[in-house]
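Trainee: Here's a sequence, model it:
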Amino acid sequence: MRIPGSGMPSSNKSSAEAAPPVPRLAMVLYRHPVVRFLAVGGLSFALDLGLLAVLHEGFGVDLWIATPIAFVVSLVFNFLLQRVFTFQATNKGSVSAAKYLLLVLLNIVVSDVIVTGFDAVGWSYVLGKTTATTLTTVWNYFLYRHWIFRREPQDVETN
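Mentor: All right, here's what the predicted structure looks like:
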C-alpha cells in the first residue's frame, strides 16, 4: 500500500516505532561505568597524543616542552570527565584531585619500574609498557570508583 501523493509505501507503525531505536546493547554498555571509564581513558589518550602532535609538528614546540603540556591537559580532561561523567562523584572535588594526583604519581613510578625492569632482563620495553598500562588501568578503575570518585552513601541509589 502507498501513501497517497508521496509514492512511498505506507506503514502501520507509528513514527516512534518507525525510527530505529538505539540498540539495547549499546544502552546497557553506556550505562556501565567500566565502558564509560574505558571510553574516557581512550579519549584522554587521543587528546594527549593529538595535542602532542599539534604542538610539536604543527607549532614546532620542542618535545621536552610539548610532552608534559599534552600530558597535563589530558590528565585534567580525564579527571573532570571521570569525576562527572563516569562515576558521577559526590565527594569533594579537592579531595578527589589530591587523591588523583597521588595515584598519577604512583602510576608513573610503577610504570617506570615495570618498563625499565622488562628492559633490564632483556625483554621488550614495549611489552613492559603494555603490561604496566594494563595493570594500572585495572587498579585505576577500582581506585577511581571506590576511593577517588567515591559517591557519598546518601547519594547512591538503592534498587
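
Trainee: Only C-alpha atoms from now on, for both contacts and neighbour counts.
Mentor: OK.

Trainee: What is the least confident helix or strand in this structure?
Mentor: Ranked by mean pLDDT, DSSP states H and E, the weakest helix or strand in the chain is helix 15-18, scoring a mean of 54.

Trainee: Which strands or helices does the longest helix belonging to the chain pack on?
Mentor: Longest helix in the chain by number of residues, with DSSP state H as the criterion: helix 93-120. Counting contacts by 3 or more CA pairs under 8 Å, 6 or more residues apart in numbering; DSSP states H and E, helix 93-120 is packed against helix 125-143.

Trainee: Now do the helix it packs on against helix 93-120, angle only.
Mentor: Calculated by axes from the mean of the first three to the mean of the last three CA atoms, to 10 degrees, helix 125-143 forms an angle of 150 degrees with helix 93-120.

Trainee: now helix 125-143, how far from the chain's geometric center?
Mentor: Put simply, helix 125-143 sits 14 Å off its chain's centre (CA atoms, centre = their mean, to the nearest Å).

Trainee: I'd like the average pLDDT over the longest helix of the chain.
Mentor: For helix 93-120, the mean pLDDT works out to 95.

Trainee: now stretch 52-67
Mentor: So the average pLDDT for stretch 52-67 ends up being 94.

Trainee: Show me what it is in contact with.
Mentor: Contact with stretch 52-67 is made by I69, A70, as judged by CA atoms under 8 Å, 6 or more residues apart in numbering.

Trainee: May I see the buried residues of that stretch?
Mentor: By neighbour count with 16 or more other CA atoms under 10 Å, stretch 52-67 contains the buried residues L52, A53, L55, H56, A66, T67.

Trainee: end to end, how far does stretch 73-88 reach?
Mentor: Stretch 73-88 stretches 21 Å from its first residue to its last (CA to CA, to the nearest Å).

Trainee: contacts for that stretch?
Mentor: Residues from elsewhere that reach stretch 73-88, judged by CA under 8 Å, 6+ apart: 33, 36-37, 40-41, 44-45, 47-48, 89, 97, 100, 144-145, 149-151.

Trainee: Could you list which of the residues you listed belong to helices?
Mentor: Among the contacts of stretch 73-88, the members found in helices (DSSP H) are P33, R36, F37, V40, G41, S44, F45, L47, D48, A97, Y100.

Trainee: and the two most separated of those residues?
Mentor: Greatest spatial distance among these (CA to CA): P33 and D48, at 22.0 Å.

Trainee: No more questions from me, cheers.
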